[in-house]
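>>> the following comprises the amino acid sequence and a computationally predicted model.
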Amino acid sequence: MEENKLRSRGWFGKSGKDGFIYRAWMKNQGYPSDEFDGRPVIGICNTFSELTPCNGHFRELAASVKRGVWEAGGFPVEFPVMSLGETLIKPTAMLYRNLASMDVEESIRANPIDGVVLLCGCDKTTPSLVMGAASVNIPTIVVSGGPMLTGKYRGKNIGTSDIWRFSEMHRKGEISQEELSDAEACMCRSNGHCAVMGTASTMACMVESLGLTLPENAAIPAADSRRKVIAHLSGRRIVQMVKEDLRLSKILTKEAFENAIMLNAAIGGSTNFVIHLLAIAGRIGVDLSLDHFNQLCEKIPLLLNLQPSGGYFMEDFYYAGGLPVVMKEMLSLLHADAITANGKTIGENAKTAECFDPEVIATLAEPIKDLTGLAVVKGNLCINGAVIKPSASLKPELMQHRGRAVVFEDIDDYKARLDDPELDVDEDSILVLKNVGPKGYPGMPEVGNMSLPKKLLAKGVIDMVRISDGRMSGTGFGTVVLHVSPEAAVGGNLALVRDGDIIELNVEKRSLNLEVTEEELERRRAEYVPLDLGYNRGYVNLHVRHVMQAHQGADLDFLRGGSGDKVTRDSH
Ligand code: FES
């Protein structure tokens, strides 16, 4: 891009009073005058926060990006945006994904930024930043923070998925509270995000699959010096991307989204991928629906042996060669000519990849599991669809299952009755949880992988079919149907399910049905009393009024699309 076409010239290229104001206050940070001579201004969008421990090392990462930007002749300017830490934010970080994306969008558009580096780590920090940037559509590169080192506990490798195992063992009385506390420090022993193929790792793979990062970005551990190297190189590269005018819309094509869907199935990525990818597609204007996921994923087996679908960790994935190896294996299925942030195609980037550990990254000929990483089911219980992660099931025979519903009206009902010895439930029952969808429990919390009733755990039951309109942590596992749409709180058929109803799940046929006649459903619908959501002020009120359903990415309706990079109103 020619220098005088740079967005930043609309600020720093001005003469008279306006130019004086734009430059003078920046100079209080010690920049010499020639810094404002027309070099690309690169925003570094930082989600550092001590309340987002997975992103706690981002000041150092930003310093590496800056070095690269300076080297390439750019002018780096770091700015903070709302940071969403998965573990601390209540009721759920997902409630604020769209709010954070607004912060990102408006911060980029309102400032003299020619290109932007997005520093993403903990789960929602990736989609919120990409969504916001997509609505502005300037040259953008993503640098992920990287996963933690593998946890080590009493001689064993552990990761975030073990929380669920530890907590079930604790409920069964097999380990003490002291042992549980010991495991805390052992699991999170370095900088970085969750070290399994949870949502953060899935998001890091998603941005690499979409072509928004340099190759290998996804898997390099946060504590590995090569994480700083990729940040440094990304700083160099974004300056060139500005000169080439390589905007997000040139990378985020339909083909790029299809590549990401196929790769996500092969790596056993989190079900949250579906919601976030749909939301990003909605921002950049690519037509994507749940049906695309089934069409593209059906024949793709699991190639990656990482928890929660397998046994290894992100660190092992990196040492085995990382995502480029999976890309290379799948090149015949992918759109190999999709362009990426380094200016090369996915095919060019992947061609030199080499697998160093076939135990971790398998081949299409001999996959880790034949079960795909993701399936979309439809039927009268989820007219607009629901998702399941077959590769994370502990009892694959439950992929075809017919059982009696045990219904919890909301999360409080579930907590109050799950372990009641009188609960009428057996291992063939199907647990149904209502009102945890985008509106019903604002933000759609990760409670879909309900614990099993204590009395069944005691009998050695390890998995049951569970259905809800909520989400599941990317670290979770089991035969869990999620994101039922429409959700119960807007009167979807999920709201009409009653104890004892028969439900049939058939993943092979991609169906989920409630065996209740339409006449009976109609009768129940007439009796249905809508939930009083009762949020009448602030952001939550805005969210509840405008959030779309899960099959549309749960974005706010007025945020779909973008407003481009022109400032909203130029007063000077
Ligand atoms: Fe931050 Fe898992 S809690 S990535």
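Happy to help now that I have it. Numbers count the residues shown, from 1 in each chain.
>>> pLDDT score assigned to residue 530?
Among the per-residue scores, residue 530 holds a pLDDT of 84.
>>> next up, the contacts around it.
With contacts defined as Cβ atoms under 8 Å, 6 or more residues apart in numbering, the neighbours of residue 530 are 489, 491. (Glycine included, C-beta is placed from N, CA and C.)
>>> gap between it and residue 490?
Residue 530 is 8 Å from residue 490, where distance means Cβ to Cβ, to the nearest Å.
>>> can you check residue 184 too?
According to Cβ to Cβ, residue 184 stands 39 Å off from residue 490.
>>> compare these two (neighbour count), which wins?
When residue 184 and residue 490 are compared for neighbours, residue 490 comes out ahead with 17 against 12, by other Cβ atoms under 10 Å.
>>> gap between the nearest residue to that one once chain neighbours are set aside and the ligand?
Setting aside the residues directly before and after it, residue 490 is nearest to residue 439 in space (Cβ to Cβ, 6 or more residues apart in numbering), at 6.3 Å. Taking Cβ to the nearest ligand atom, to the nearest Å as the criterion, residue 439 is separated from the ligand by 24 Å.
>>> can we start the residue count at 35 from this point?
Got it, the first residue is 35 from now on, which makes the last one we talked about residue 473.
>>> is residue 473 part of a helix or strand, or is it coil?
With DSSP: H, G, I helix; E, B strand; the rest coil as the basis, the three-state label of residue 473 is coil.
>>> which residues of the stretch 35-184 of the chain fall in helices?
In chain order, the stretch 35-184 of the chain shows helices spanning 43-46, 50-58, 92-105, 131-144, 159-168, with DSSP state H, counting those that start in this stretch as the criterion.
>>> alongside the ligand, which residues does the stretch 35-184 of the chain contribute?
Applying Cβ under 6 Å from any ligand atom, we find that the stretch 35-184 of the chain lies next to the ligand at 88, 120, 121, 156, 157.
>>> include pLDDT and neighbour count when you put the residues you listed into TSV, please.
Compiled in TSV, those are given as follows (pLDDT from 0 to 100; neighbours: other Cβ atoms under 10 Å):
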residue	pLDDT	neighbour count
88	98	29
120	95	25
121	94	14
156	97	27
157	96	31
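>>> quick check: the two most widely separated of the residues you listed?
With distances taken as Cβ to Cβ, the most widely separated pair in those is 121 and 157, at 9.8 Å.
>>> need the CA coordinates for the longest helix seen in the chain. CSV is fine.
In the chain, with assignment by DSSP state H, the single longest helix is helix 259-278. Presented in CSV, the C-alpha positions along helix 259-278 are these (Å, rounded to 0.1, in the frame of the first residue of the first chain):
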residue,chain,number,x,y,z
SER,A,259,11.5,-19.5,23.4
ARG,A,260,10.2,-20.3,19.9
ARG,A,261,6.9,-18.8,21.0
LYS,A,262,8.7,-15.5,21.3
VAL,A,263,10.3,-16.1,17.9
ILE,A,264,7.0,-16.5,16.2
ALA,A,265,5.7,-13.4,17.9
HIS,A,266,8.8,-11.5,16.6
LEU,A,267,8.4,-12.9,13.1
SER,A,268,4.7,-12.0,13.1
GLY,A,269,5.7,-8.4,14.0
ARG,A,270,7.9,-8.3,11.0
ARG,A,271,5.3,-9.9,8.7
ILE,A,272,2.4,-7.6,9.6
VAL,A,273,4.3,-4.6,8.3
GLN,A,274,4.6,-6.4,4.9
MET,A,275,1.0,-7.4,5.0
VAL,A,276,0.1,-3.7,5.3
LYS,A,277,2.3,-2.9,2.3
GLU,A,278,0.6,-5.7,0.4
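>>> what's in contact with the following helix or strand past it?
The helix or strand immediately downstream of helix 259-278 is helix 282-285, counting by DSSP states H and E. By Cβ under 8 Å, 6+ apart, the residues outside helix 282-285 that reach it are 167-168, 171-174, 244-246, 318-319, 372-375.
>>> one more time with 6 Å
168, 171, 174, 245, 318, 373 (Cβ atoms under 6 Å, 6 or more residues apart in numbering).
>>> what does stretch 78-98 give?
With Cβ under 6 Å, 6+ apart as the contact definition, stretch 78-98 has outside contacts at 99, 110, 112, 114-115, 117, 119, 122, 150-153, 155-156, 159, 163, 179, 225, 227, 256, 262, 265-266.
>>> try 7 Å
The list of residues contacting stretch 78-98 from outside it, by Cβ atoms under 7 Å, 6 or more residues apart in numbering, reads 99-100, 110-115, 117-119, 122, 138, 150-156, 159, 163, 177, 179, 225-227, 234, 256, 262, 265-266, 269.
>>> the nearest residue to residue 461 once chain neighbours are set aside - how many residues pack around it?
In space, residue 461 comes closest to residue 495 once its chain neighbours are excluded; the distance is 4.6 Å by Cβ to Cβ, 6+ apart. Other residues near residue 495 number 17, with proximity taken as other Cβ under 10 Å.
>>> how near is residue 495 to the ligand?
Between residue 495 and the ligand the distance is 27 Å, computed by Cβ to the nearest ligand atom.
>>> how about the secondary structure of that residue?
Secondary structure for residue 495, judged by three-state DSSP, is coil.
>>> any idea how far it lies from residue 488?
Summarising the geometry, the distance separating residue 495 from residue 488, computed by Cβ to Cβ, is 10 Å.
>>> interface residues of the protein facing the ligand?
Applying Cβ under 6 Å from any ligand atom, we find that the chain lies next to the ligand at 88, 120, 121, 156, 157, 194, 227, 228, 232, 234.
>>> among those residues, name the ones in strands.
With strands identified by DSSP state E, none of the entries of the residues of the chain next to the ligand belong to them.
>>> can I get the residues you listed in CSV including distance to residue 46?
What follows is the residues of the chain next to the ligand, written out as CSV (distance: Cβ to Cβ, whole Å):
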residue, distance to residue 46
88, 35
120, 38
121, 40
156, 33
157, 36
194, 44
227, 36
228, 40
232, 42
234, 36
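>>> for the residues you listed, which one is nearest residue 380?
Taking Cβ to Cβ as the measure, residue 380 lies nearest residue 234 of the residues of the chain next to the ligand, at 22.1 Å.
>>> what's near enough to touch the residue lying closest to that closest one once chain neighbours are set aside?
With Cβ to Cβ, 6+ apart as the criterion, residue 234 has its nearest non-adjacent residue at 3.7 Å, and that residue is residue 227. By Cβ under 7 Å, 6+ apart, the residues touching residue 227 are 88, 155, 156, 179, 181, 182, 234.
>>> hmm, try it at 10 Å
Shown in contact with residue 227 (Cβ atoms under 10 Å, 6 or more residues apart in numbering): 86-89, 120, 154-157, 159-160, 178-182, 194, 233-235, 237-238, 256, 348.
>>> right, I'll call it a day here.
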